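Student: What follows is a predicted structure for the sequence shown.
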Amino acid sequence: MENNLRDNLVKPGERVDDLQNGYYVIQNPEKFCFGMDAVLLSGFAKIKKDERVLDMGTGTGIIPVLLKSKTPGGHFTGLEIQEECAELAQRSVAYNGLEQDIDIVCGDIKEAAEIFGAASFHAVTSNPPYMIGQHGLQNPYMAKAIARHEILCTLEDVVSQTAKVLKDRGRFYMVHRPFRLVEIFQVLTRYKLEPKRMQLVYPFKDREPNMVLIEALKGGNSRITVEKPLIVYEKPGVYTEEILEIYGSGV
């Protein structure tokens, strides 16, 4: 009976991915699927017992589900502007029976403080659109384009709203691209979110980094710790032990 109810949550063309932690996520491979950046962010974020966490631009809802599996946080909320993505994420939450632990809200990041109120969360996570202007080719499918390009929100939109919804001394966790690091630090400090921890992610040890993980503290002092580089592949198709450890704890 339970399996039949679960099956009814999956629409034609969608698949159910096993996260290897007792949870699952529904995805549509023709539209938008989560990537490694979301998984690495869930492993980088340090969520404490009973904390309330907001994931801005939650997409498939993967980050709240992973944080639920990996951390002792109290409640998780995903905010997603695209109705289709939000509805899919809601079905993933229901598929896992996590309705009491995770809320998916369809709304605009630029209105997060109006939706949730000021100082509502202990921590905020975000895997925001990386590309601006003509950086990269815009995907012809709108859901993917919105996820990857600053079409509906900018870095400043994410950071400014994060500053409003975070409690004092709350933490912001973000994954982004290293080529925008100077801008990222400028925007964070402009909104009194002090960068405290950073880790660069390299596809191979002899390549340039292609991702950066950042933790910022609301009202923090100026001091940052740079963690050791995270290398993804030992050789093509073979993950390093560090990556396998992150995936082993979920996904």
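Tutor: Okay, I see it.
Student: pLDDT value on Tyr247, please?
Tutor: With respect to pLDDT, Tyr247 scores 82.
Student: As a check, name the ranges of all helices in the stretch 1-150 of the chain.
Tutor: Per DSSP state H, counting those that start in this stretch, the stretch 1-150 of the chain carries helices over the ranges 2-7, 36-44, 62-70, 83-95, 112-116, 142-148.
Student: So which of those helices is the most surrounded?
Tutor: helix 62-70 (a mean of 25; mean count of other CB atoms under 10 Å). For glycine as for every other residue, the C-beta is placed from the backbone atoms N, C-alpha and C.
Student: relative to helix 83-95, how tilted is that one?
Tutor: On the basis of axes from the mean of the first three to the mean of the last three CA atoms, to 10 degrees, helix 62-70 is oriented at 20 degrees to helix 83-95.
Student: now the helices of the stretch 1-150 of the chain as a markdown table including distance to Phe179 and mean pLDDT?
Tutor: Formatted as a markdown table, the helices of the stretch 1-150 of the chain follow (distance: least, CB to CB, whole Å; pLDDT from 0 to 100):
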| stretch | distance to Phe179 | mean pLDDT |
| --- | --- | --- |
| helix 2-7 | 42 | 68 |
| helix 36-44 | 15 | 94 |
| helix 62-70 | 23 | 95 |
| helix 83-95 | 26 | 95 |
| helix 112-116 | 26 | 97 |
| helix 142-148 | 14 | 47 |
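Student: Indicate which one of those helices is closest to Pro129.
Tutor: Pro129 lies closest to helix 142-148 among the helices of the stretch 1-150 of the chain, at 5.6 Å (CB to CB).
Student: May I see the buried residues of stretch 229-241?
Tutor: Buried residues in stretch 229-241, counted by 16 or more other CB atoms under 10 Å: Leu230, Ile231, Val232, Tyr239, Thr240.
Student: The fourth one is in contact with Tyr233, isn't it?
Tutor: It stands for Tyr239. Yes - Tyr239 is within contact range of Tyr233, at 6.3 Å (criterion: CB atoms under 8 Å).
Student: For the strand or helix carrying Val187, what is the distance to the chain centroid?
Tutor: Val187 belongs to helix 181-190 when assigned by DSSP states H and E. Its chain's average C-alpha position is 19 Å from that of helix 181-190, according to CA atoms, centre = their mean, to the nearest Å.
Student: Could you point out the helix or strand that follows it?
Tutor: Per DSSP H and E, the first helix or strand lying C-terminal to helix 181-190 is strand 193-202.
Student: any residues touching that next one, and which ones?
Tutor: Residues outside strand 193-202 that contact it (CB atoms under 8 Å, 6 or more residues apart in numbering) are 40, 44, 159, 162-163, 166, 171-172, 178, 185, 188-189, 208-232.
Student: any idea how far the nearest residue to Phe34 once chain neighbours are set aside is from Asn96?
Tutor: Computed as CB to CB, 6 or more residues apart in numbering, the closest residue to Phe34 that is not its neighbour in sequence is Ile62, at 4.1 Å. Ile62 is 12 Å from Asn96, where distance means CB to CB, to the nearest Å.
Student: which residues touch stretch 95-102?
Tutor: With CB under 8 Å, 6+ apart as the test, stretch 95-102 has contacts from 6, 9-10, 16, 23-24, 26, 61, 64-65, 68, 75-78, 93.
Student: Point out where the stretch 101-250 of the chain drops to low pLDDT.
Tutor: 130-152, 249-250 (pLDDT under 70).
Student: please redo it, this time with the cut-off set to 80
Tutor: Scanning the stretch 101-250 of the chain for pLDDT under 80 picks out 129-152, 248-250.
Student: returning to what we had before: the residue nearest to Phe34: what's it in contact with?
Tutor: Ile62 makes contact with Val25, Phe34, Ala38, Val39, Ser42, according to CB under 8 Å, 6+ apart.
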